[in-house]
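> Below is the structure, and that's it, no one-letter string:
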């Protein structure tokens, strides 16, 4: 209406490659990456996945911390269907050398991955319910990927393109895969026509 920008409250924890979705007049920010704290690597050469989830209220210009993502990750997609936020795919650290964190989850001892090291690309599908502040695990996609695009059409979620193999483009491979998810039946349909 005014073609002007206004400064609002910043995110409580700065992060990049977070998954974003809007529902019920609020903005949801899921996961993302932060620069690792203890590394000699130059800025941008390593990404540390986080499990932070936030709700931003534009009317009040306030942030609220939500139940954390079950899977720490960045470069996922987030889509709203039926008032719930589906957070799908992304990239995180490798499995293997694991330890119990404070919530009893098993995680990699490596808090970050680098541009040339190993990273785990995810097909995981986790849904957040703002009414209960709880997460639920749903059926994963068939093609693990990150840096994809997504959208909802007629109650179905489409995950389009993205990167496979790694999070950093230097070692990742782009994909043209298109998948369709039905939240009602919790199922992924046969792959759709690939992007040109």
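Yep, it's here. Please read all numbers here as calculations on a predicted model, not as lab measurements.

> Please count neighbours and contacts with C-alpha atoms only from this point.
Noted.

> And the average pLDDT for stretch 164-184 is what?
In this model, stretch 164-184 carries a mean pLDDT of 96.

> Quick one: end-to-end distance for it.
One end of stretch 164-184 sits 27 Å from the other (C-alpha to C-alpha, to the nearest Å).

> which stretches of this structure aren't confidently modelled?
The model of the chain has pLDDT under 70 over residues 96-109.

> Next, name the residue at the spatial heart of it.
residue 76 (2.8 Å; C-alpha atoms, centre = their mean).

> Look up how far residue 6 lies from the residue nearest to that residue when sequence neighbours are not counted.
Using C-alpha to C-alpha, 6 or more residues apart in numbering and skipping the chain neighbours, the partner closest in space to residue 76 is residue 90 (3.8 Å). With the distance defined as C-alpha to C-alpha, residue 90 ends up 31 Å from residue 6.

> Could you do residue 123 as well?
In this structure, residue 123 and residue 6 are 37 Å apart, going by C-alpha to C-alpha.

> Of those two, which one has the most company?
When neighbours are counted by other C-alpha atoms under 10 Å, residue 123 comes out ahead of the other of residue 123 and residue 6, with 19 against 4.

> Let me know the helix or strand that residue 126 is in.
In this structure, residue 126 is located in strand 125-129 according to DSSP states H and E.

> Tell me the buried residues in that strand?
Residues 125, 126, 127, 128 are the ones in strand 125-129 that count as buried (16 or more other C-alpha atoms under 10 Å).

> beta partners for the first one?
It stands for residue 125. Going by DSSP bridges, residue 125 is paired in beta bridges with residue 88, residue 138.

> Was I right to think it contacts residue 89?
Yes. Using C-alpha atoms under 8 Å, residue 125 is in contact with residue 89, at 6.6 Å.

> where does the residue nearest to residue 76 fall, phi/psi-wise?
When read as degrees, to the nearest 10, the backbone of residue 90 gives phi 110, psi -170.

> That one against residue 126, yeah?
No. Here residue 90 lies out of contact with residue 126, judged by C-alpha under 8 Å, at a distance of 11.3 Å.

> Check the burial of residue 137 by counting its neighbours.
A count of neighbours around residue 137, defined by other C-alpha under 10 Å, yields 14.

> Might you report the residue contacts of it?
124, 125, 126, 127 (C-alpha atoms under 8 Å, 6 or more residues apart in numbering).

> returning to that earlier point: export the buried residues of strand 125-129 as CSV, with columns for distance to residue 32.
Output for these, formatted as CSV (distance: C-alpha to C-alpha, whole Å):
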residue, distance to residue 32
125, 15
126, 15
127, 16
128, 16
